[in-house]
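Enquirer: after the sequence you'll find the predicted model.
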Amino acid sequence: MLKIWSMKKEQQKAENSDGGGAGGGAAGGPKKKKVTAAQLRVQKDLSELSLGTTMRTEFPDPDNILSFILYIEPDEGMYKGGRFSFTFNITPNFPHEPPKVQCREKIYHPNIDLEGKVCLNILREDWKPVLNLNAVIVGLQFLFLEPNASDPLNKEAAEDLRSNREGFKRNVRSAMMGGSVRGEGFDRVAI
Amino acid sequence: MPSGQVYPSSEPARWKYLDRIRTRAGPFTVPELFNGETSAEAQEKMKVLVIGAGGLGCELLKNLALSGFKDIHVIDMDTIDISNLNRQFLFRQSDVGKFKAEVAAAFVEKRVKGVKITPHNCKIQDFDEDFYMQFQIVVCGLDSIEARRWINATLVNMVDDTVEDSYKPLIDGGTEGFKGQARVILPTITSCLECQLDMHAPRAAVPLCTLASIPRQPEHCIEWAHVIAWDKEKPFPQLDKDDPEHITWLYQKALLRAREFNISGITYSLTQGVVKNIIPAIAATNSVIAAACCNEALKIATSCAPYLGYPDNNYMMYSGNDSIYTYTFRHEKKDDCPVCGVSARELQVDPKWTLQELVDSFATRPEAQLKKPSIRAEGKTLYMQSPPSLEEQTRPNLEKTLAEELGLVDGQEIGVTDPAFATVSFKFKLKFT
């Protein structure tokens, strides 16, 4: 028969001798709702979030930390002066699965399509459980500072950026003001 | 073939060879643990829980019953689909639509006389700790990481240092195509499933921009239809991957896309496979892994040979992808594991305290020493120091009393994080004074 009990005692003895020491006996009685690993991990990620002055969060329901909105207001680059918002939805499989992130406005950006899908490697093919929410928000911020023509999700915008940087900048300005580019209307995001 | 007729119903002969292993010491038996006089009887008294009655589950139930376990329970919420029949050999065509656990239990009970198999047609989450406490060994044949994490956390949380019977060895089998693994977890003693989360390869994904601009393979076209075209056109309010009409819509979209890029090879079944992320199950992989898991259960139950676990190897990986390769190793326990790295410590609190008083007490009490704690209970955010918006929203809670106004109860668990402890989080169990 398995001697798991004596193993534990042995292990504790070893720990105690190097100063560690396990806590006392757990209380008996009925057990209550446990804190799940996914929730605890999100809590940790949130308490380490460094938003700086250009980002803030909004929680529609503070008791549900798996779902929130991130606002980004770039203070430099071509998208300076805009306010962009993203929904974050975290599944119970976090951090095995990446958070689901979507831009709420229709914007003109080579790496964000008209439905708000974001092409950011760590949100999909390069996600790893060691990455955290901070890595994701840094990645999103970076997309506004350095839009990337080689990973296009909005092909027209990427083509504009590649062929005519100045024209692309003008398009960004007018799209941010709520104007249209090549007949496609965009949401006003300028503040 | 009629079942149940093949062997005589009372059949001591069937156990003859098993008894040679269970009752006689051999070169691998550990003398301090093995007792040939009692091991068979002890094993037969054990209650074993099998989670999942699918590809692995069918094998596990058959193997455990034929390895001398007499009291087996099985949980599965699923019903039998026609596509299961090629490998889930306890099911017949006439069983399609019935509960897997029920049919599997009845089949094995009929075929192996003297074994009692109790089916539970429900989710593992439907049971509480009292239910899991009755078993001595838990064997998992699951296909979902979420369910694995749940049972793992439950078994780890059940450990009570003062109750020997609260330690339940967890034997976990898993297969994906030609690959698989078998591992043994001794809750709080060895590395747990949460520690080993990074051993699960994340689903291979193709960059979104590849799907959007330069598809090269039929799979890219199907994924495009699935993640981009569907959201754009929303042909139905919610994608139901089991609805043939929805899959047909995706198939047609993918077909058009593939034509545009001169890609061939799109079929309805490929569409279904990509969308549902189906990796063809290999019956032989299931039997290899289930056999390994069952042997671990037999060895743990009888001590007839060393088993995976403490202090040595606890993880066996098997790969049949490229000829045959297996590697058995010790996966180290993680000190900062959110499930087994931090066992919930007891925290004496006055239920009349305000949350602010609890927060302040964390800084001074020797067992915590947390200067900037953020605190949550499951489903309830009590106080978060960051991000600022959440701090503002939860700040009013600081004035509220723990029991009456915040609704916390004696014995409730809370999760505490503090930026000063970047890698660890803490769990406390409130003990009202």
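Expert: Structure's in. What do you need? Numbers count the residues shown, from 1 in each chain, chains lettered A, B, ... in the order given.

Enquirer: can you pull out the helices in the chain?
Expert: Picked chain A for this. A:4-17, A:37-47, A:133-145, A:155-163, A:165-176 (DSSP state H).

Enquirer: my question was about chain B
Expert: For chain B, the helices defined by DSSP H cover B:16-23, B:39-45, B:55-66, B:100-111, B:129-133, B:145-158, B:208-213, B:218-224, B:230-233, B:244-260, B:268-275, B:283-302, B:355-364, B:388-394.

Enquirer: one step back: weakest of the helices of chain A by average pLDDT?
Expert: Note on the helices of chain A: lowest mean pLDDT is at helix A:4-17, with a mean of 67.

Enquirer: what residue is smack in the middle of the chain?
Expert: Because you didn't say which chain, this covers chain A. Among the residues of chain A, the one closest to the centroid is A:Val136, at 3.9 Å (Cα atoms, centre = their mean).

Enquirer: I was after chain B.
Expert: For chain B, the residue whose C-alpha lies nearest the mean C-alpha position (Cα atoms, centre = their mean) is B:Arg148; its distance is 1.4 Å.

Enquirer: now do the contacts for it.
Expert: B:Cys140, B:Leu142, B:Asp172, B:Gly174, B:Leu193 (Cβ atoms under 8 Å, 6 or more residues apart in numbering or on different chains). The way it works is simple: take the backbone N, C-alpha and C, and place the C-beta from them, glycine included.

Enquirer: quick check: the last one touching B:Val184?
Expert: Which is B:Leu193. No. Applying Cβ atoms under 8 Å as the test, B:Leu193 and B:Val184 come out as separate, 11.2 Å apart.

Enquirer: got any residues that touch both of these two?
Expert: B:Leu170, B:Asp172.

Enquirer: tell me which of those two has more neighbours.
Expert: B:Leu193 (27 against 24; other Cβ atoms under 10 Å in any protein chain shown).

Enquirer: what parts of the stretch 251-400 of chain B come near chain A?
Expert: B:300-303, B:310-311, B:338-339, B:343-346, B:367, B:374, B:376-381, B:384-390, B:393-394 (Cβ under 8 Å from any Cβ of the partner chain).

Enquirer: let's see it at 7 Å
Expert: Counting by Cβ under 7 Å from any Cβ of the partner chain, the residues of the stretch 251-400 of chain B lying close to chain A are B:300, B:303, B:310, B:338-339, B:343, B:345-346, B:374, B:376, B:378-381, B:384-390, B:393-394.

Enquirer: mind giving me the ChimeraX select for those residues, buried ones only?
Expert: In ChimeraX syntax, the buried subset of these is picked out as below (16 or more other Cβ atoms under 10 Å in any protein chain shown):
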select /B:300,303,310,338,339,343,345,346,374,376,378,380,381,384,385,386,387,389,390,393,394
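
Enquirer: among the residues of the stretch 251-400 of chain B next to chain A, which are located in strands?
Expert: The members of these that map onto strands under DSSP state E are B:Arg345, B:Glu346, B:Ser374, B:Arg376, B:Lys380, B:Thr381.

Enquirer: ok, now which ones touch the nearest residue to the fifth one once chain neighbours are set aside?
Expert: Excluding the flanking residues, the one nearest B:Lys380 by Cβ to Cβ, 6 or more residues apart in numbering or on different chains is A:Asp63, at 5.3 Å. Neighbour list for A:Asp63: B:Gly379, B:Lys380, B:Thr381 [criterion: Cβ atoms under 7 Å, 6 or more residues apart in numbering or on different chains].

Enquirer: any idea of the pLDDT on A:Asp63?
Expert: 95.

Enquirer: for B:Pro244, same thing?
Expert: For B:Pro244, pLDDT reads 93.

Enquirer: what about it, neighbour count?
Expert: If you count neighbours by other Cβ under 10 Å, B:Pro244 ends up with 11.

Enquirer: for B:Arg216, same thing?
Expert: Using other Cβ under 10 Å, the number of residues around B:Arg216 comes to 11.

Enquirer: quick one, phi psi at it?
Expert: The phi/psi pair for B:Arg216 (degrees, to the nearest 10) reads phi -120, psi -20.

Enquirer: so how far is chain A from it?
Expert: Going from B:Arg216 to chain A by Cβ to the nearest Cβ, to the nearest Å gives 15 Å.

Enquirer: separation between that residue and A:Ile65?
Expert: Distance of B:Arg216 to A:Ile65, computed by Cβ to Cβ, to the nearest Å: 39 Å.

Enquirer: also A:Met55?
Expert: From A:Met55 to A:Ile65 the distance is 17 Å (Cβ to Cβ).

Enquirer: distance of B:Cys122 from chain A?
Expert: Relative to chain A, B:Cys122 is positioned 19 Å away (criterion: Cβ to the nearest Cβ).

Enquirer: isn't that residue up against B:Met77?
Expert: Yes. Counting by Cβ atoms under 7 Å, B:Cys122 touches B:Met77, with 5.6 Å between them.

Enquirer: more crowded one of these two?
Expert: Set side by side, B:Cys122 and B:Met77 show more neighbours around B:Met77, with 17 against 13, by other Cβ under 10 Å.

Enquirer: between the helices of chain B, which one is closest to A:Leu70.
Expert: Closest to A:Leu70 of the helices of chain B is helix B:388-394 (Cβ to Cβ; 10.1 Å).

Enquirer: give me the contact list for that closest one.
Expert: With Cβ under 7 Å, 6+ apart, helix B:388-394 has contacts from A:Leu46, A:Arg56, A:Thr57, A:Glu58, A:Phe59, A:Pro62, B:Thr381, B:Leu382, B:Tyr383, B:Met384, B:Gln385.

Enquirer: please name the bridge partners of the third one.
Expert: The residues listed as beta-bridge partners of A:Thr57 by DSSP bridges are A:Leu70.

Enquirer: just to revisit the earlier point, so which of the contacts of B:Arg148 sit within strands?
Expert: Judged by DSSP E, the subset of the contacts of B:Arg148 located in strands is B:Cys140, B:Asp172, B:Gly174.

Enquirer: between the residues you listed, which is nearest chain A?
Expert: B:Gly174 (13.5 Å; Cβ to the nearest Cβ).

Enquirer: for B:Ser144, see how far away the closest one is.
Expert: Counting by Cβ to Cβ, the gap from B:Gly174 to B:Ser144 is 10 Å.

Enquirer: between these two, tell me which one has more neighbours.
Expert: Comparing B:Gly174 with B:Ser144 by other Cβ under 10 Å, the one with more neighbours is B:Gly174, at 22 against 10.

Enquirer: distance of the residue nearest to A:Lys169 when sequence neighbours are not counted from A:Pro152?
Expert: Closest residue to A:Lys169 apart from its sequence neighbours, by Cβ to Cβ, 6+ apart: A:Met78 at 5.4 Å. Applying Cβ to Cβ, the value for A:Met78 to A:Pro152 is 16 Å.

Enquirer: phi and psi next, for the residue nearest to B:Lys380.
Expert: Dihedral angles (degrees, to the nearest 10) for A:Asp63: phi -80, psi -20.

Enquirer: that one and A:Gln43: what is the separation?
Expert: For A:Asp63, the distance to A:Gln43 - Cβ to Cβ - is 12 Å.

Enquirer: can you check B:Phe426 too?
Expert: Computed as Cβ to Cβ, the B:Phe426 to A:Gln43 distance reads 11 Å.

Enquirer: count of neighbours near B:Pro207?
Expert: So B:Pro207, with other Cβ under 10 Å, has 18 neighbours.

Enquirer: with adjacent residues omitted, what lies nearest to it?
Expert: That would be A:Glu125: by Cβ to Cβ, 6+ apart, it lies 5.2 Å from B:Pro207.

Enquirer: next one: B:Ser287
Expert: Spatial nearest neighbour of B:Ser287, excluding adjacent residues (Cβ to Cβ, 6+ apart): B:Glu59 at 5.3 Å.

Enquirer: which residues sit against stretch B:212-230?
Expert: With Cβ under 7 Å, 6+ apart, stretch B:212-230 has contacts from A:113, A:117, A:152-153, A:155, B:206, B:210-211, B:239, B:250, B:253-254, B:257-258, B:261, B:263, B:265-266, B:270-271, B:274-275.
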